[in-house]
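Chemist: Sequence and predicted model, in that order:
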Amino acid sequence: MVPGAFVRVLFPTHEKPHRPGLLHIGYVVITAGPEAVIAYTTSQPWPSTMPMPMGARYFAAREAARLNQSRPFLMRLDQLAKLPMTRRWFPDLEQPGRGVIAIAPPALQTDLTLLAVELGRRHRELVEMRGPSA
Amino acid sequence: MVTWSIAWLAIACIWHHILPMPQAHRQSATPKHAAPHRRASGGKPRGKVAITLRLDADRAARLQAIAAAENRSLTNYVETALLRDLARHEEADRVITMYVAPGTRSTVRPEDVVRAEGEPDEIYAQRQALAMQLWSMPDNA
């Protein structure tokens, strides 16, 4: 599984944060050794009256189609999961293709990395300001 | 006639839910007591604050119908909807939520970070630094 891949993953849920959750397409932000950090994606529309989280990146229908996805979707680089790369979390890991739906083009990967880095910087500042529980 | 009856029923329901609140004085949508759930020093938690909600009759009737269908009082329905909205606002204010699977490591070596195909040195270096940060981040989900 390579960084920049969109992959089928059982992303954990808020209710059961330490167990494999519902099948989603996740974005591989980083892989290191046997583990990966995955960003959540959803095709559920964000309510128009709500401010979009700063880590959200919207993919309209055309861009989604280029990434082999049939619907517009929202990527949440502020909703991450650190997961072992095992079949328990990635159910298609041992199938041909390993559950990879698409690989983001290099320019998009760079954009997403820079957004994630900026979020990391803001998160660090927030932790310094409010303490580790922030 | 029927519409007016429903509208009056809705208004009566709202009135009914507002009047029996512990605080006798009703307040505008911006309550005077800031932080109603905060405990006074060493005392019991403060009660709920009553607010006046002005809606047009049609909408009030629709909300009443939805609340009834969900077997809730109108007050409970409105409160639940507002709390849901508040939770979304709070979520939007957070920076990163990290789910950490059991058994994963809390550190990572920069050289273990897999480089993306054709990734420029500068971007890779930033992703390595990000990896160090993300791996050490505690579960806050």
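Modeler: Sure thing, it's come through.
Chemist: B:Leu82: how many residues sit nearby?
Modeler: For B:Leu82, the count of nearby residues is 12 (other Cβ atoms under 10 Å in any protein chain shown). Every residue, glycine included, has its C-beta placed from N, CA and C.
Chemist: Name the helix or strand of chain A that has the lowest mean pLDDT.
Modeler: Taking all helices and strands of chain A together, the one with the lowest average confidence (mean pLDDT, DSSP states H and E) is helix A:106-130, at a mean of 86.
Chemist: So is it next to chain B?
Modeler: Yes: part of helix A:106-130 sits close enough to chain B to count as contact by Cβ under 8 Å from any Cβ of the partner chain, namely A:106, A:109-110, A:113-114, A:116-117, A:119-120, A:122-124, A:126.
Chemist: closest to chain B among those?
Modeler: Closest to chain B out of the residues of helix A:106-130 next to chain B is A:His123 (4.0 Å), distances taken as Cβ to the nearest Cβ.
Chemist: still on that earlier bit, which other helices and strands contact the least confident helix or strand of chain A?
Modeler: strand A:22-32, strand A:56-59, strand A:73-84, helix B:121-136 (3 or more Cβ pairs under 8 Å, 6 or more residues apart in numbering or on different chains; DSSP states H and E).
Chemist: out of the ones you listed, nearest to A:Gly4?
Modeler: Closest approach to A:Gly4 among the helices and strands packed on helix A:106-130 (Cβ to Cβ): strand A:22-32, 6.5 Å.
Chemist: For A:Arg124, which non-adjacent residue is closest in space?
Modeler: Distances taken as Cβ to Cβ, 6 or more residues apart in numbering or on different chains put B:Gln133 closest to A:Arg124, at 6.9 Å, once the chain neighbours are dropped.
Chemist: didn't that neighbour look like it was pressed against A:Arg122?
Modeler: No: taking contacts as Cβ atoms under 8 Å, B:Gln133 lies outside contact range of A:Arg122: 11.5 Å.
Chemist: and A:Pro47, how many neighbours?
Modeler: The number of residues packed near A:Pro47 is 10, by other Cβ under 10 Å.
Chemist: B:Ala87: which of the helices and strands packed on helix A:106-130 is closest?
Modeler: Of all the helices and strands packed on helix A:106-130, it is strand A:73-84 that lies closest to B:Ala87, at 14.4 Å by Cβ to Cβ.
Chemist: What strands flank the closest one, and is each parallel or antiparallel?
Modeler: Sheet partners assigned to strand A:73-84 using DSSP bridges are listed as strand A:35-42 (antiparallel), strand A:56-59 (antiparallel), strand B:97-100 (parallel).
Chemist: tell me the most buried of those?
Modeler: Highest mean neighbour count among the strands paired with strand A:73-84 (mean count of other Cβ atoms under 10 Å in any protein chain shown): strand A:35-42, with a mean of 24.
Chemist: Just the residues contacting that one, thanks.
Modeler: Applying Cβ atoms under 8 Å, 6 or more residues apart in numbering or on different chains, the contact partners of strand A:35-42 are A:1, A:6-7, A:9, A:11, A:24-31, A:73-77, A:79-85, A:112, A:116, B:104-105, B:108, B:131, B:134-135.
Chemist: could you redo the last one with a cut-off of 7 Å?
Modeler: When contacts are defined by Cβ atoms under 7 Å, 6 or more residues apart in numbering or on different chains, strand A:35-42 is touched by residues A:1, A:9, A:11, A:24-30, A:73-77, A:79-85, B:104-105, B:134.
Chemist: orientation of it relative to strand A:22-32 in degrees?
Modeler: With axes from the mean of the first three to the mean of the last three Cα atoms, to 10 degrees defining the directions, strand A:35-42 sits at 140 degrees from strand A:22-32.
Chemist: Identify the residues contacting the spatially closest residue to A:Arg71 that is not a sequence neighbour.
Modeler: With Cβ to Cβ, 6+ apart as the criterion, A:Arg71 has its nearest non-adjacent residue at 4.4 Å, and that residue is A:Ser43. Contact partners of A:Ser43, counting by Cβ under 7 Å, 6+ apart, are A:Arg71, A:Pro72, A:Phe73.
Chemist: chain center to stretch A:4-13, what's the gap?
Modeler: Put simply, stretch A:4-13 sits 7 Å off its chain's centre (Cα atoms, centre = their mean, to the nearest Å).
Chemist: Check which residues of it are buried.
Modeler: Of the residues in stretch A:4-13, those with enough neighbours to count as buried (16 or more other Cβ atoms under 10 Å in any protein chain shown) are A:Gly4, A:Ala5, A:Phe6, A:Val7, A:Arg8, A:Val9, A:Leu10, A:Phe11, A:Pro12.
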